[in-house]
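# only geometry, no sequence info:
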């Protein structure tokens with residue numbers, strides 16, 4: 001039996017003037033107490049009035065103060081410092097109990113039981129409480145339960161000390177559900193909301209809906225609708241603070257010592273008619289220390305937020321800082337712990353991380369970091385990029401697998417997935433590319449020895465544009481070509497962002513890559529098969545190296561025109577008798593041939609077909625002998641219209 005560790009959201013406390021104080025305070029002051037013509041001499045009501053006035057000028061993200069136009073603004077408050085430090089951009093991250101405030105689909109992304117508690121003390125004895133739980137239930141999905149409450153102890157609202165005490169309290173009970181369908185998550189939640197202001201009471205229901213889609217192991221998009229419902233009936237019907245969120249999360253870096261996540265959210269408050277935007281980042285060092293930053297923006301208010309976190313074993317402590325010009329600075333702390341012991345069968349396990357490959361004389365040694373939480377084993381997915389079928393290893397208990405039946409000079413795409421109880425499998429890890437090297441050119445010492453380049457169905461040369469690679473087109477590569485590069489130590493990286501169509505490409509950022517091997521693969525028309533065409537092991541001469549490090553002398557300008565036309569102009573080259581135009585659809589520094597400009601005039605008007613809007617161009621002059629001279633700078637163009645040319 002493993003000892004389990006519960007995740008527990010500990011004290012949530014904010015110092016100084018706290019912007020969230022005004023949510024329900026404003027509602028208390030502007031609602032039924034006023035209809036009863038009560039006088040407000042008490043200090044508690046003085047705080048209500050003062051803060052309501054101040055908050056009327058604040059318009060920030062949904063979890064901050066907004067114009068008090070609804071009857072349950074306390075529902076917009078979040079429960080942890082982690083999202084606050086990331087600019088409230090959490091809809092797509094959604095991997096802990098804070099997802100109850102952002103996206104119910106995130107419950108499907110929680111693989112271990114979590115229990116959370118948050119408490120915040122404000123001025124005038126006003127308190128905010130949150131209690132939540134996420135409970136994985138195997139094939140039925142993950143269930144979430146939550147309680148949110150905001151109010152004050154009974155108080156005297158008049159100058160008469162013998163007057164009856166007034167009670168002001170808002171509460172909401174949340175029941176949520178989320179489920180993972182491998183890379184697609186869905187979720188829903190229902191809220192029972194009640195308000196009490198003295199003797200006036202009312203209640204109502206609200207609903208949340210959300211989706212979350214993992215496009216790749218490193219890229220996720222999400223959308224949610226929160227607080228959907230008819231409202232709360234008091235003396236009149238009060239609307240709920242309905243919010244629509246869309247967001248994205250990208251794991252920009254994932255290594256054993258360094259992990260970086262970039263997040264963004266866009267929110268629209270339906271009743272307030274305000275669009276808000278949040279951007280954030282979260283960096284982890286050795287999965288122990290976190291640094292966070294974020295930015296909140298909309299039409300009225302904007303500002304930066306920052307945060308940090310520390311994780312020791314199962315315990316995590318988070319901190320966030322938010323400066324607000326009107327109400328001052330906010331400091332917030334929260335904590336997390338998780339149960340990592342055995343749980344019910346059928347729960348999707350956490351995916352493993354940090355796949356790495358080392359070459360042994362007889363086998364590829366594939367290692368990875370264990371998944372957090374209970375797993376029954378792991379499967380290694382090995383896809384040879386030579387047209388062969390996918391290889392799935394037998395289930396292994398330890399985080400290591402030896403792949404013996406490999407072929408030299410074949411590129412492999414490798415990932416690992418965890419297997420849980422009931423044979424439920426996790427989403428695969430981030431892919432690792434590996435090319436088994438030939439013994440004749442594996443050492444880094446040889447890379448510096450100046451030996452000749454080695455061509456295997458791919459040829460290379462350096463010209464004025466950069467390193468040119470070319471190859472013969474096979475009949476099966478109707479979907480284009482991918483370019484990879486392999487370091488002398490064996491690390492393989494994909495270079496281009498989408499398949500290239502031409503059988504010639506120019507790499508403008510190849511400086512310092514002597515001894516690296518360039519790998520070209522062909523992609524089938526349906527994109528399902530990728531096969532290695534050839535490789536080029538590159539040892540540049542000193543003259544080629546000098547040509548690559550020379551800075552461009554010509555400056556290229558791009559001016560988009562109507563109807564997908566583009567005007568280019570550049571500094572002419574006195575030695576040129578014509579120019580060559582190269583392009584790329586992405587900023588990957590891998591260019592294709594666009595056309596020859598056989599004239600001296602350093603301008604061109606292009607009419608670009610297709611639907612793609614973003615392009616990158618360079619111009620290369622050529623002399624009387626056809627030699628390509630030093631290229632121009634790169635110019636980015638975003639076309640004004642997306643309609644294709646008839």
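On my side now, so go ahead. Owing to the predicted nature of the structure, the values given are computational and were not obtained by experimental measurement.

# Now do the helices in the protein.
In the chain, the helices defined using DSSP state H lie at 22-30, 32-35, 43-55, 81-85, 444-447, 542-549.

# pLDDT (mean, whole number) over the first one?
If you average the pLDDT over helix 22-30, you get 40.

# Bridge partners for the nearest residue to residue 333 once chain neighbours are set aside, pull those for me.
Leaving aside its chain neighbours, residue 333 sits nearest to residue 319 (5.4 Å; criterion: Cβ to Cβ, 6 or more residues apart in numbering). Every C-beta, even on glycine, is put in place using the N, C-alpha and C of the backbone. In this entry, residue 319 is beta-bridged to residue 308, residue 333, by DSSP bridges.

# now swap in residue 220 and tell me
Under the criterion DSSP bridges, residue 220 forms beta bridges with residue 214, residue 249.

# Would you mind confirming that it makes contact with residue 211?
No - in this structure, residue 220 is not within contact of residue 211 by Cβ atoms under 8 Å, at 10.8 Å.

# who has more neighbours, the two?
The neighbour comparison of residue 220 against residue 211 (other Cβ atoms under 10 Å) goes to residue 220, with 25 against 17.

# check contacts around the more buried one.
92-93, 212-214, 248-250 (Cβ atoms under 8 Å, 6 or more residues apart in numbering).

# returning to what we had before: lowest average confidence across the helices of the chain, which one?
Minimum mean pLDDT among these: helix 32-35, a mean of 36.

# Report pLDDT for the residue nearest the centre of the chain.
The centre of the chain sits closest to residue 249, judged by Cα atoms, centre = their mean, with a distance of 1.5 Å. Listed pLDDT for residue 249 reads 96.

# Distance-wise, check it relative to residue 260.
When distance is defined by Cβ to Cβ, to the nearest Å, residue 249 is 11 Å away from residue 260.

# I'd like the distance between the residue of the chain most remote from its centre and residue 198.
Within the chain, the residue lying farthest from the chain centre (Cα atoms, centre = their mean) is residue 162, at 57.6 Å. Separation of residue 162 from residue 198 (Cβ to Cβ): 16 Å.

# ditto for residue 607
Distance of residue 607 to residue 198, computed by Cβ to Cβ: 71 Å.

# Between those two, tell me which one has more neighbours.
Higher neighbour count among residue 607 and residue 198: residue 198, with 18 against 10, using other Cβ under 10 Å.

# Tell me how many other residues crowd the closest residue to that one other than its chain neighbours.
Closest residue to residue 198 apart from its sequence neighbours, by Cβ to Cβ, 6+ apart: residue 166 at 4.7 Å. By other Cβ under 10 Å, the residues close to residue 166 number 22.

# cool, and residue 199?
10.

# Please name the bridge partners of the residue nearest to residue 198.
Bridge pairing for residue 166 - DSSP bridges - gives residue 155.

# ok, it touching residue 155?
Yes - at 5.9 Å, residue 166 counts as touching residue 155 under the criterion of Cβ under 8 Å.

# quick one: residue 479 and residue 399, what's the gap?
When residue 479 is compared with residue 399 (using Cβ to Cβ), they lie 34 Å apart.

# where does the chain dip in pLDDT?
Applying pLDDT under 70 to the chain picks out residues 1-71, 121-124, 157-158, 299-301, 324-329, 341-343, 437-451, 641-646.

# Buried ones in stretch 624-643, by neighbour count?
628-635, 637, 639 (16 or more other Cβ atoms under 10 Å).

# hmm, which two among the residues you listed are most spread apart?
Based on Cβ to Cβ, the longest span within these runs between 629 and 639 and measures 28.5 Å.

# any idea how this protein splits into domains?
8-153+161-231+311-337, 353-435, 440-547, 551-638 (automatic domain parsing).

# and residue 346, which of those is closest to it?
Closest approach to residue 346 among the domains of the chain (Cβ to Cβ): domain 8-153+161-231+311-337, 2.8 Å.
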